[in-house]
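S.K.: Predicted model follows, preceded by the sequence.
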Amino acid sequence: ASMSSAPPWEQLYSELVETTNNGERELPDLSDTMFLVVSSLKAKFSSVPNMTTDELQQRLAGSGDPAPALLDVRKPEEYAVSCIPGAIHISPHASAEDVRRALGGERPVVAYCSLGYRSSALVARLQQEGYKADAWNLEGSIFKWANEGKPVVRDGAPVQQVHPYSTMFGVLLNRNLRSYRAS
């Protein structure tokens with residue numbers, strides 16, 4: 001067996017992705033692949049608690065525990081396409097002090113990005129820097145949220161678009177949702 005020099009993500013990508021007749025890249029089973037990605041992120045960031053998309057939706061609807069502040073830690077061009085309603089855009093490199101300043105104090109937060117790597121790293125940093133309020137990563141982040149048909153908005157208005165981050169990771173987002181620009 002020959003050893004491939006491609007990074008693990010690229011190897012997995014080439015094994016899983018199929019190209020359709022019109023040249024689109026697709027995953028035959030999106031939910032299984034999303035499960036693998038979420039599981040690998042949970043293993044890498046084992047100290048970071050995760051909130052499910054269903055639990056967040058319930059909290060935002062006002063049932064159960066109070067709604068946490070939502071932190072969107074994607075790039076500005078990703079955030080410009082859409083975000084989860086009520087989210088505050090913040091740098092993925094933000095410190096605990098940056099988060100406190102953005103929120104006007106310390107309160108429970110749920111961070112998300114495209115799939116969960118950048119948001120898990122932010123929550124881990126908040127833990128390391130002594131952020132006292134609860135902080136979670138949104139499991140599967142905005143890709144899972146939008147793939148489940150939960151609402152995303154641009155400037156407060158509902159849209160059916162999410163920035164796919166990259167060609168490689170964009171296959172984890174339903175094709176009809178992918179948009180690299182607000183249109």
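M.R.: Happy to help now that I have it.
S.K.: okay, now G64: neighbour count?
M.R.: 9 (other Cβ atoms under 10 Å). All C-beta spots, glycine's among them, are computed from the backbone N, C-alpha and C.
S.K.: If you could redo that for T53, that was the one I meant.
M.R.: 20.
S.K.: SS state for the residue nearest to it when sequence neighbours are not counted?
M.R.: Spatial nearest neighbour of T53, excluding adjacent residues (Cβ to Cβ, 6 or more residues apart in numbering): W145 at 5.0 Å. Secondary structure, DSSP: H, G, I helix; E, B strand; the rest coil: W145 is helix.
S.K.: can I assume W145 is in contact with I84?
M.R.: Yes. Judged on Cβ atoms under 8 Å, W145 makes contact with I84 at a distance of 6.1 Å.
S.K.: hey, what's in contact with both of those two?
M.R.: Y112, V152 (Cβ atoms under 8 Å, 6 or more residues apart in numbering).
S.K.: what residues are up against the residue nearest to T53?
M.R.: So, once contact is read as Cβ under 8 Å, 6+ apart, W145 ends up touching T53, L56, I84, Y112, L138, V152.
S.K.: Go through the residues you listed and flag which are in strands.
M.R.: Y112, L138, V152 (DSSP state E).
S.K.: What segments of this protein are strands?
M.R.: Under DSSP E, the chain gives strands at 18-19, 25-26, 50-51, 69-72, 88-89, 109-112, 135-138, 152-154, 157-159.
S.K.: For K150, see how far away the residue nearest the centre of the chain is.
M.R.: Nearest to the mean C-alpha position of the chain, by Cα atoms, centre = their mean, lies S141 at 2.6 Å. S141 is 12 Å from K150, where distance means Cβ to Cβ, to the nearest Å.
S.K.: related to what we said a few turns ago, do I have it right that the residue nearest to the centre of the chain meets L115?
M.R.: Yes. Using Cβ under 8 Å, S141 is in contact with L115, at 5.2 Å.
S.K.: does C83 really touch V153, like I thought?
M.R.: Yes. Under the criterion of Cβ under 8 Å, C83 makes contact with V153 at 6.4 Å.
S.K.: Which one of these two is surrounded by more residues?
M.R.: More neighbours surround C83 than the other of C83 and V153, with 24 against 14 (other Cβ under 10 Å).
S.K.: quick one: contacts for that one?
M.R.: D72, H89, I142, V152, V153, R154.
S.K.: residues touching the spatially closest residue to L71 that is not a sequence neighbour, list them.
M.R.: Spatial nearest neighbour of L71, excluding adjacent residues (Cβ to Cβ, 6+ apart): A111 at 4.3 Å. Going by Cβ under 8 Å, 6+ apart, A111 touches L70, L71, V73, S119, S120, L122, V123, A135, W136, N137, L138.
S.K.: No further queries at this time; thank you.
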